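1. Generate coordinates for the sequence data below:
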Amino acid sequence: MATASNILVIDDDADIGDLVIAAAQSMGIPCRATTDAGELPCLLDSDVSLILLDLMMPGMDGVEVLRLLGKLECRASIVLISGINRRVIDTTEKLAGALGLKIAGHLQKPFRLADLEGLLRGHIPQKCAADAKQATRIDFPAKELCDGIWNDEFVLYYQPQIDIQSGEVEGLEALARWQHPERGLLFPDSFIGRLEALQLIDDFGWRVSERGLSEMRQFAVNGHPAPRLALNVSVQSLRDLKFPDIFVSLAEKHRVPASSIMVEITESRLMHDPSYALDVLARLRMKNVQLSIDDFGTGYAMMQHLVSIPATELKIDRIFVQNMHSNASDRVMVEKTIELGHDLGMTVTAEGVETVEQLEFLRQKGCDRAQGYLFSRPLPPSQMTQWLASYYARGVEA
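-> Residues are numbered from 1 along each chain as shown. As a prediction, this is how the structure comes out:
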């Protein structure tokens, strides 16, 4: 008996089916594909919650498939895939509505992987979402986390931040990884929440900061000074009013100027305890440490709070950057965030830049910096040193 699937792809191009299956499986979503629409009655069951349907198919075309789905009283959401013009798609969507079907969107061929992933992410069945969440959040025992901290198992990978106009490497964001002795390399989603819940985040944060500051010297390559270091700091750590003094003392110990450090804080968690946070952030700025508001647009910070934070940088979340060419709302979000950041005297950095097209759009809109796979994935220190040497040898060009 065939394994139940949450996503069904109906497309005469087998490569499209394979692409969707790979993207879905990476998110933990069961998916099947067929090039023969005649198999639909056998494949459609109660587990299917999303159907990706190509309109232009030989034999039974997409409109005929929609009529069949109507007869079968299909309750799954349907995404139309097509290379035909928008007016035909609009008419097809109206037909689907008349047949009692639910159209969840469309993909215009040729589409980008980022567009497909964004669409799938928005329609992950509730059970799959819960399973995925459970898979990423591991309830590590306190002793295991303590051992990881004191045995220096937490390491840093670095991703460059590029000045869009000059091409200079302006900064390196330090991204924590856990080199677990049994589980291998783990990403922050699997351990940060647990560290915070167990009140171990401060010990972890100071260890990671010390590592980052100690590794900065090696990034001074080919006569270029080491780029600015961007360190992510938990909002929980900002409750300690001594944080600015300890942090700057640590920087002095490693002979890193305070002005060469960027502390990144996440917007969505910033205002849970604003009195302590604003005290600490103000004193960090007084000591010349740079401040960045990360993942802007994904949280719920009020404008008055944003104005109160003495940030020097605003970071556009990757989800808006990756979808801005296919989604008008995301495009407006990117444009307005750039304007807002500049109006408040901040530089603006876009995360998740993967294509030249995205970079050029950001350049035209006046965005200051870009970070993403277009330049480099996060790399361990030795590989980042090699990347910097190679980048400088080629000449800085954005």
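2. going forward, measure contacts and count neighbours with C-alpha atoms only.
-> Fine.
3. Where does the prediction get shaky in this structure?
-> Flagging of the chain using pLDDT under 70 yields the residue ranges 1-5, 85-86, 122-137, 267-275, 295, 297-305, 396-398.
4. Could you identify the longest strand within it?
-> The longest strand of the chain (DSSP state E) is strand 169-180.
5. Adjacent strands (with direction) for that strand?
-> Applying DSSP bridges to the sheet, strand 169-180 is found paired with strand 154-163 (antiparallel), strand 184-186 (antiparallel), strand 228-232 (parallel).
6. so can I have TSV of the ones you listed showing distance to Ala393 and mean neighbour count?
-> Shown next, in TSV, are the strands paired with strand 169-180 (distance: least, CA to CA, whole Å; neighbours: other CA atoms under 10 Å):
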stretch	distance to Ala393	mean neighbour count
strand 154-163	16	22
strand 184-186	31	13
strand 228-232	20	23
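7. could these go into JSON lines alongside distance to Met324?
-> Below are the strands paired with strand 169-180 laid out as JSON lines (distance: least, CA to CA, whole Å):
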{"stretch": "strand 154-163", "distance to Met324": "20"}
{"stretch": "strand 184-186", "distance to Met324": "30"}
{"stretch": "strand 228-232", "distance to Met324": "25"}
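8. between these, which gets nearest to Leu145?
-> Of all those, strand 154-163 sits nearest to Leu145, with 9.9 Å by CA to CA.
9. Give me the contact list for that closest one.
-> 148, 168-179, 208, 211-212, 349, 368-372, 375-381, 384, 398 (CA atoms under 8 Å, 6 or more residues apart in numbering).
10. for Leu388, what are its contacts?
-> Taking CA under 8 Å, 6+ apart, one finds Phe219, Val221 in contact with Leu388.
11. Doesn't it belong to a helix?
-> Yes. According to DSSP: H, G, I helix; E, B strand; the rest coil, Leu388 belongs to a helix.
12. by contact count, what packs against whatever helix or strand Lys315 lives in?
-> Assigned by DSSP states H and E, Lys315 belongs to strand 313-316. Strand 313-316 sits against strand 290-296, helix 328-343, strand 347-350, with contacts defined as 3 or more CA pairs under 8 Å, 6 or more residues apart in numbering; DSSP states H and E.
13. Which among those is found nearest to Leu119?
-> Of the helices and strands packed on strand 313-316, nearest to Leu119 by CA to CA is helix 328-343, at 13.4 Å.
14. Next, the buried residues of that closest one.
-> The neighbour-count check on helix 328-343 (16 or more other CA atoms under 10 Å) flags Asp330, Arg331, Met333, Val334, Glu335, Thr337, Ile338, Glu339, Gly341, His342 as buried.
15. Would you mind measuring from the nearest residue to Phe187 once chain neighbours are set aside to Ser190?
-> Once flanking residues are discounted, Phe187 sits nearest to Arg177: 5.2 Å by CA to CA, 6 or more residues apart in numbering. According to CA to CA, to the nearest Å, Arg177 stands 10 Å off from Ser190.
16. hmm, back to that, would you confirm that the residue nearest to Phe187 contacts Asp189?
-> No. Taking contacts as CA atoms under 8 Å, Arg177 lies outside contact range of Asp189: 9.8 Å.
17. Now do the shared contacts for those two.
-> Residues touching both Arg177 and Asp189 (CA under 8 Å, 6+ apart): none.
18. ok, those two, which is more surrounded?
-> Using other CA atoms under 10 Å, the more surrounded residue of Arg177 and Asp189 is Arg177, with 21 against 14.
19. what pairs with the more buried one across the strands?
-> Beta-bridge partners, per DSSP bridges, of Arg177: Val155.
20. what's the answer for Glu313, then?
-> Going by DSSP bridges, Glu313 is paired in beta bridges with Ser292, Thr347.
21. can you tell me which residues contact it?
-> Gln290, Leu291, Ser292, Ile293, Gly341, Met346, Thr347, Val348, Thr349.
22. swap in Ile103?
-> So Ile103 contacts Ser77, Ile78, Val79, Leu80, Glu93, Ala96, Gly97 (CA under 8 Å, 6+ apart).
23. Mind checking what secondary structure the last one has?
-> Meaning Gly97. Looking at Gly97 with three-state DSSP, the answer is helix.
24. returning to what we had before: of the contacts of Ile103, which is the nearest to Phe320?
-> Distances from Phe320 to the contacts of Ile103, taken as CA to CA, are shortest for Val79 (20.8 Å).
25. part of a strand, is that closest one?
-> Yes. Assessed by three-state DSSP, Val79 belongs to a strand.
26. I figured Gln322 hits Gly352, correct?
-> Yes. Contact criterion CA under 8 Å: Gln322 and Gly352 qualify, at 6.6 Å.
27. out of the two, which sits in the more crowded spot?
-> For Gln322 versus Gly352, neighbours defined as other CA under 10 Å are more numerous around Gln322 (23 against 19).
28. Identify each of the helices in the stretch 251-398 of the chain and give its residue range.
-> 267-270, 274-286, 303-308, 318-323, 328-343, 356-364, 381-394 (DSSP state H, counting those that start in this stretch).
29. Reformat those into TSV and put distance to Glu252 next to each item.
-> Shown next, in TSV, are these (distance: least, CA to CA, whole Å):
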stretch	distance to Glu252
helix 267-270	27
helix 274-286	14
helix 303-308	28
helix 318-323	33
helix 328-343	30
helix 356-364	36
helix 381-394	21
